[in-house]
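Peer 1: Sequence first, then the predicted structure:
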Amino acid sequence: MSGTGTPAIEVDGVTVRYGDVLALDGATLRLDAGTVCGLVGMNGSGKSTLFKAVMGMVPVTSGTVRVDGGTPARARRRGSVGYVPQTEAVDWAFPVSVRDVVAMGRYGHLGITRRPRPADRAAVEHALDRVELTDLADRQIGQLSGGQRKRAFVARGIAQDAHVLLLDEPFAGVDKRSEATIVRLLRELAADGRTVLVSSHDLHALPRLADEAVLLLRRVLFHGTVAEALEPANLARTFGLDVEAAPLDGPGGEAA
Amino acid sequence: MTLVDLILEPWTYDFMVRAFLTTTLAAVVAALLSCWLVLIGWSLMGDAVSHAVLPGVVIAYVLGVPFALGALVFGGLAVVLIGAVRDTGRVKEDAAIGIVFTTLFALGLVLVSVTPSQTDLSHIIFGNVLGVSTAELVQVAVLAVVGAAVLLVKRRDLVLFAFDPTHAHAIGLSTRRLSALLLGVLALTAVVTLQVVGVILVVAMLIIPGATASLLTRRFGRMLVLAPIISALCSITGIYLSYWLDAASGGMVVLVQGAVFAVVLLAGPRSALLRGRARTQVRARVSR
């Protein structure tokens, strides 16, 4: 794990443009190792772009991104960043098994043909066990329930031994029981010293899940405790004019 | 004449032996590649690159260099031009692909029409597997082996690229390089396959086998076995039919491929007829 004092993720004044569209506007964020952070914002608030910036997938117009004290490119080479894609981004009919998906976490550690060695197979089995999918490991990935699918991708990050896990809307289409399992799993990973950044426009899981929350609207509006983040005034700024409707209509109503 | 005679007779002719060998090699490498193309959703890209190689092949013929070289240059050129047209943001990607590959194909047709040659260059367009020379067979064999070897050595990376390019990037793989590798193999495979079915129908060999195999299994590893076997059997059957019926060999090969796909789609293990039941099962599982 990263040394004490070095933030796991350090985003400093990052601006990202897609053509004329300003996706991030001077976003600044510092996350310590071993924390779970909820990243809250509307659609189009820059959550995905922030993830891409941390993975070094988008050119940054200005500002810097550091992961474990190094550049995103170094973090990629070291396999430090694990990514759990949102449901819509995955072809669930793709002919790979759950175990195949988890094994993809090891590719960065492997030789030219990515043929797994015994140690890699052991890491894959350990990761499957950790997310309680050992019994379903030979299923085609699309044959799992929504929550099991998410756990399979978290297992990929565990097999990868990623220090930083980025999860894009992990609770969309996931039932309550699976959600509780995922929350417990992410808490355990943070207790191991990993840093977990969870994007969500859905607020009700935050209090149990996250140590801290970030409110994003192209820049970081707020970064602090979950309870403070969920205060109406803060949510109002985050969700813009939909302030009255967003917290009350959504499942986050009780929490807010 | 008995059935056995019917089956064995073609093998008494050297040109038929060469035709069977060329067809099998092309069918296998194209089928391997097709497994990735159908999963990534690159059917239109396969169509584009396989047509766009035509001018490259004609120019290579004129200069007396290997066809593969011209094909790689023009395959790459097509991809670059498609990207450039798309990135102007003025037309959508499918339009960009359609414009670039038809224009390059047209250039190829014009070059064919003005190039004097002893061999009929129209064979490149329609295929002439019954007229393949030993030298051409050797070239096909070399390219097919190179193409298949690259695909099999890099198969895990290519599966990852097809399944989740974001993760591929996140763990330090170059998705740009993997995509270029796949497109390079696509250009090579087009050269191999056009000997059998011609430039126009190459895309059939690059899509149908993978699509058929994907209906039969949920395992990529099994697709990589099934697709080449099915493709080779279909192609050899097509050559037989063209011999017996004295019909166009390229057309026959693709007709058999299409017919087998249709049968698997309608009557295979995961067919439309059975899908109602499967869907109920999935729903039951998800709601659990």
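Peer 2: Received, thanks.
Peer 1: can we go C-alpha only for contacts and neighbour counts from here?
Peer 2: OK.
Peer 1: As a check, name the ranges of all helices in chain B.
Peer 2: Ranges of helices within chain B are B:3-8, B:14-40, B:43-63, B:67-87, B:93-114, B:122-126, B:134-153, B:155-163, B:165-170, B:175-216, B:220-245, B:249-267, B:272-287, based on DSSP state H.
Peer 1: Turn the ones you listed into JSON lines, columns for mean neighbour count, distance to chain A and mean pLDDT.
Peer 2: JSON lines is the format used below for these (neighbours: other C-alpha atoms under 10 Å in any protein chain shown; distance: least, C-alpha to the nearest C-alpha, whole Å; pLDDT from 0 to 100):
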{"stretch": "helix B:3-8", "mean neighbour count": "10", "distance to chain A": "37", "mean pLDDT": "85"}
{"stretch": "helix B:14-40", "mean neighbour count": "25", "distance to chain A": "7", "mean pLDDT": "95"}
{"stretch": "helix B:43-63", "mean neighbour count": "23", "distance to chain A": "16", "mean pLDDT": "92"}
{"stretch": "helix B:67-87", "mean neighbour count": "20", "distance to chain A": "11", "mean pLDDT": "90"}
{"stretch": "helix B:93-114", "mean neighbour count": "17", "distance to chain A": "17", "mean pLDDT": "93"}
{"stretch": "helix B:122-126", "mean neighbour count": "19", "distance to chain A": "34", "mean pLDDT": "85"}
{"stretch": "helix B:134-153", "mean neighbour count": "17", "distance to chain A": "5", "mean pLDDT": "94"}
{"stretch": "helix B:155-163", "mean neighbour count": "21", "distance to chain A": "6", "mean pLDDT": "95"}
{"stretch": "helix B:165-170", "mean neighbour count": "22", "distance to chain A": "5", "mean pLDDT": "92"}
{"stretch": "helix B:175-216", "mean neighbour count": "24", "distance to chain A": "8", "mean pLDDT": "93"}
{"stretch": "helix B:220-245", "mean neighbour count": "21", "distance to chain A": "5", "mean pLDDT": "96"}
{"stretch": "helix B:249-267", "mean neighbour count": "19", "distance to chain A": "16", "mean pLDDT": "95"}
{"stretch": "helix B:272-287", "mean neighbour count": "12", "distance to chain A": "5", "mean pLDDT": "51"}
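Peer 1: Stretch A:157-176: end-to-end distance?
Peer 2: For stretch A:157-176, the separation between the terminal residues is 23 Å (C-alpha to C-alpha, to the nearest Å).
Peer 1: from the chain's centre, how far out does it sit?
Peer 2: Distance, stretch centre to chain centre, for stretch A:157-176: 5 Å (C-alpha atoms, centre = their mean, to the nearest Å).
Peer 1: buried sites along it?
Peer 2: The neighbour-count check on stretch A:157-176 (16 or more other C-alpha atoms under 10 Å in any protein chain shown) flags A:157-172, A:174 as buried.
Peer 1: mean confidence for that stretch?
Peer 2: Averaged over stretch A:157-176, pLDDT sits at 91.
Peer 1: For the stretch 1-150 of chain A, what lies in contact range of chain B?
Peer 2: Proximity of the stretch 1-150 of chain A to chain B is confined to A:55, A:57, A:73, A:76-83, A:90-91, A:94-97, A:104-105, A:107-108, A:112-114, A:140, A:143-146 under the rule C-alpha under 8 Å from any C-alpha of the partner chain.
Peer 1: So which of those residues belong to strands?
Peer 2: Judged by DSSP state E, the subset of the residues of the stretch 1-150 of chain A next to chain B located in strands is A:81-83.
Peer 1: want to try TSV for those residues, with neighbour count, distance to residue B:198 and pLDDT as columns?
Peer 2: Formatted as TSV, those follow (neighbours: other C-alpha atoms under 10 Å in any protein chain shown; distance: C-alpha to C-alpha, whole Å; pLDDT from 0 to 100):
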residue	neighbour count	distance to residue B:198	pLDDT
A:81	26	46	93
A:82	28	45	93
A:83	25	43	92
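Peer 1: Distance to residue B:90 added to these, as TSV?
Peer 2: Below are these laid out as TSV (distance: C-alpha to C-alpha, whole Å):
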residue	distance to residue B:90
A:81	36
A:82	36
A:83	33
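Peer 1: so where is the stretch 1-150 of chain A shaky, pLDDT-wise?
Peer 2: By pLDDT under 70, the low-scoring segments of the stretch 1-150 of chain A are A:1-4.
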